[in-house]
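S.K.: dropping the sequence and predicted coords here.
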Amino acid sequence: MSRESFLARVREAARAGAKYRVAVDDLPAGVGYCGAGDDPAARLVEEVNAVGGRGTLVADWAAARAIMSDLLGRYAPTSALCWQHPVLDRLGLSELLAENGIERIDYDALHALDADERRSRMLAADIGISSATVAVAETGTLALASGPGCERVASLLPPVHVAVVGPEQIVPDLFDLFAIIERSASEMASNWVLVTGPSKTGDLELRLTTGVHGPGIWHVIVVRQ
């Protein structure tokens with residue numbers, strides 16, 4: 001079949017399908033918007049737990065630091081693949097890693113290495129630590145906009161991923177995330193990663209397996225204020 005014939009068939013199918021399209025132009029504003037109730041931070045943690053994550057809501061940054069210290073002691077990583085982010089600075093992550101004798105692997109540390117060594121170091125990391133660009137309370141989703149210092153591999157490569165979320169990063173609904181992405185279109189990140197639970201996959205026998213294509217353990221520490 002020629003290219004012209006193929007495209008003609010596609011156009012014909014599209015015209016036929018348009019007859020069954022649902023018109024949405026006259027829908028009232030806000031249709032489909034669910035929100036997250038009166039306490040988005042608590043809702044975020046509830047949804048994180050519902051999708052197989054391990055969410056923890058803490059009152060302040062001192063409590064968040066204590067939770068992170070406990071997780072580092074529990075998993076005893078030798079190296080951590082980390083974002084460079086104001087939320088992690090506020091947490092005092094560098095000091096926590098140093099206190100536990102854990103090597104911090106971040107953009108500054110990787111930038112000076114050649115490609116092979118950089119890849120080897122990232123693949124060897126025992127834990128990934130990030131913040132989030134946006135956290136969606138309605139679905140328990142973390143939206144991560146990738147860029148220098150906020151590498152997507154921190155949430156994808158290590159077997160354990162820990163994310164720290166501040167109150168200013170939480171939005172109630174998935175529609176709020178879409179609006180933020182649309183507003184930032186002129187300065188769009190190279191990619192966005194939407195994380196909703198630990199990595200999962202299923203097969204034809206309906207067996208669900210966790211941690212095959214990414215972290216099998218996903219912690220989210222949410223700071224209320």
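M.R.: Done, it's in.
S.K.: which residues in this protein form helices?
M.R.: Along the chain, the segments classed as helices by DSSP state H run 3-18, 40-50, 61-75, 86-91, 93-99, 107-111, 115-124, 174-183.
S.K.: then the last one to CSV, C-alphas only?
M.R.: The reference is to helix 174-183. In CSV, the C-alpha atoms belonging to helix 174-183 read as follows (Å, rounded to 0.1, in the frame of the first residue of the first chain):
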residue,chain,number,x,y,z
LEU,A,174,-4.9,16.1,38.7
PHE,A,175,-6.5,19.0,36.8
ASP,A,176,-4.3,21.4,38.8
LEU,A,177,-1.2,19.6,37.6
PHE,A,178,-2.3,19.9,34.0
ALA,A,179,-2.8,23.6,34.4
ILE,A,180,0.7,23.9,35.9
ILE,A,181,2.2,22.0,33.0
GLU,A,182,0.3,24.1,30.5
ARG,A,183,1.5,27.4,32.1
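S.K.: I'd like the average pLDDT over that helix.
M.R.: Averaging pLDDT along helix 174-183 yields 91.
S.K.: that one - contacts with which helices or strands?
M.R.: The contact analysis (3 or more CB pairs under 8 Å, 6 or more residues apart in numbering; DSSP states H and E) places helix 174-183 against strand 134-136, strand 141-145. No exception for glycine: its C-beta is placed from N, CA and C like everyone else's.
S.K.: quick one: mean pLDDT for the shortest one?
M.R.: This points to strand 134-136. Mean predicted confidence for strand 134-136 is 97.
S.K.: quick one on the thing from earlier: out of the helices and strands packed on helix 174-183, which comes closest to residue 113?
M.R.: Closest to residue 113 of the helices and strands packed on helix 174-183 is strand 141-145 (CB to CB; 22.7 Å).
S.K.: so what strands line up beside that closest one?
M.R.: strand 134-136 (antiparallel), strand 192-195 (antiparallel) (DSSP bridges).
S.K.: go through those and name the closest to residue 14.
M.R.: strand 192-195 (27.9 Å).
S.K.: want to throw the helices of the chain into CSV with distance to residue 145 and mean neighbour count?
M.R.: CSV is the format used below for the helices of the chain (distance: least, CB to CB, whole Å; neighbours: other CB atoms under 10 Å):
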stretch, distance to residue 145, mean neighbour count
helix 3-18, 33, 9
helix 40-50, 18, 20
helix 61-75, 22, 16
helix 86-91, 14, 17
helix 93-99, 19, 16
helix 107-111, 14, 13
helix 115-124, 19, 13
helix 174-183, 8, 15
